[in-house]
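>>> Predicted structure and sequence below. I'll ask about it afterward.
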Amino acid sequence: MNDQLNFHTNFTNDPNKREKLYPLFEKIFGIETSLLEDFYNRGLWNDQYVPYTYFDGEQAVANASIFPLDMQINGVRKKCVGIQSVMTDPVYRGRGLMKDLFKKILVDIDKQYEYAFLFTESPSLYTPFGFHVVKQYYFKIEYNHVPFNPPPKMKNLNLFNQEDVNILMNIFPHKEALSKKFAPLTYEHALYFNFYSPNLNQKFYYIKELNTIIVFEVSKGICRVFDIVSETIPAIEELCAFIPFPFHTIEFYFSPDVFKLPHVEEIEYNTENHLMIRGQLLLHGESFMMPLTAEF
């Protein structure tokens with residue numbers, strides 16, 4: 001019975017409880033305990049991440065976590081929250097534990113936040129809690145780029161090297177928002193966790209002359225830009241001057257309105273991991289995207 005379980009929250013700084021979460025992460029998501037230990041020891045898992053967890057004795061059996069995710073929407077800063085790490089031990093499923101956790105979370109977040117965001121492959125699980133799927137779009141322009149010979153230097157960041165991580169950590173608190181229309185502002189937790197994603201961790205480049213980090217790849221003549229971390233986002237021409245690969249097209253996986261580009265094509269982003277929002281987002285008819293580096 002659920003009354004035999006113990007509920008705890010906001011225990012990130014309690015190593016005894018926090019480390020009890022690690023086996024559940026590994027069982028449900030395949031995230032190794034050693035990775036989570038490294039993530040915490042490097043200061044990337046902090047008390048902004050708030051778990052809501054049921055324990056059976058010393059075992060964490062169900063969890064959902066929240067973290068602040070302030071957004072810039074239509075040029076206005078909005079106080080928002082992200083929900084992630086939703087997981088239940090298979091042995092304990094069918095007992096309504098996740099429903100109970102979400103009720104507790106919603107009571108807390110509705111007092112403080114205007115919008116809540118989550119990503120999921122199973123939207124039907126969250127519609128009863130007032131979440132709805134929103135379509136996302138990426139953006140494409142034609143841009144013929146022939147690199148300089150030799151090209152200016154940019155540093156491929158090794159995010160398992162603390163000195164390289166420090167470059168990002170020093171710039172991020174002062175970064176300009178990627179977009180005035182729709183952009184996350186406080187997504188450090190998601191960004192740092194995405195360091196460990198094999199899809200992203202080799203795509204972070206530092207341009208010292210611009211004091212800017214650009215997250216990108218070039219493949220088959222297409223430059224895909226996933227994020228730009230800079231106190232003042234440079235012009236697209238300045239950024240491209242440092243890219244040592246030729247391309248004819250740029251795809252932006254965020255709203256690129258900061259560049260004031262003409263002739264931008266909007267393309268629906270099809271993915272199994274859907275963005276869901278709780279709250280009435282006043283962007284009707286507008287196309288936007290949560291950057292992949294902020295996905296959680």
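Looks like it arrived, so ask away.

>>> All the helices of this structure, in order from the start?
Secondary structure of the chain (DSSP state H): helices at 15-29, 33-41, 97-109, 162-171, 188-194, 236-240.

>>> pLDDT below threshold where in this protein?
1-3, 283-285 (pLDDT under 70).

>>> try 90 this time
1-4, 12, 34-48, 149-152, 158-162, 165, 188-201, 279-286, 296 (pLDDT under 90).

>>> how close does the residue lying closest to H248 once chain neighbours are set aside sit to N270?
Distances taken as CB to CB, 6 or more residues apart in numbering put G221 closest to H248, at 4.9 Å, once the chain neighbours are dropped. Using the backbone N, CA and C atoms, a C-beta is placed for each residue, glycine as well. Distance, G221 to N270, using CB to CB, to the nearest Å: 21 Å.

>>> the more surrounded of the two?
G221 (12 against 7; other CB atoms under 10 Å).

>>> from what I can see that one touches P246, true?
Yes: using CB atoms under 8 Å, G221 is in contact with P246, at 7.2 Å.

>>> that older thread, now the helices of the chain in TSV, with distance to Q136 and mean neighbour count?
Listed next are the helices of the chain as TSV, based on distance: least, CB to CB, whole Å; neighbours: other CB atoms under 10 Å:
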stretch	distance to Q136	mean neighbour count
helix 15-29	22	16
helix 33-41	27	14
helix 97-109	22	17
helix 162-171	24	15
helix 188-194	15	22
helix 236-240	21	17
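
>>> what sits against the residue nearest to H248?
The neighbours of G221, taking CB atoms under 8 Å, 6 or more residues apart in numbering as the test, are 246-249.

>>> Tell me the spacing between A64 and I109.
On the measure of CB to CB, A64 and I109 end up 11 Å apart.

>>> Same check on A190?
For A190 relative to I109 (CB to CB), the value is 17 Å.

>>> same check, this time on N194
When N194 is compared with I109 (using CB to CB), they lie 23 Å apart.

>>> Then D56?
Distance from D56 to I109, by CB to CB: 26 Å.

>>> ok, now I31?
24 Å.

>>> ditto for T212
For T212, the distance to I109 - CB to CB - is 33 Å.

>>> If you tally nearby residues, what's the number for L200?
Residues lying near L200 (other CB under 10 Å) number 19.

>>> Could you pull up the residues touching it?
Shown in contact with L200 (CB under 8 Å, 6+ apart): 194, 215, 226, 292-293.
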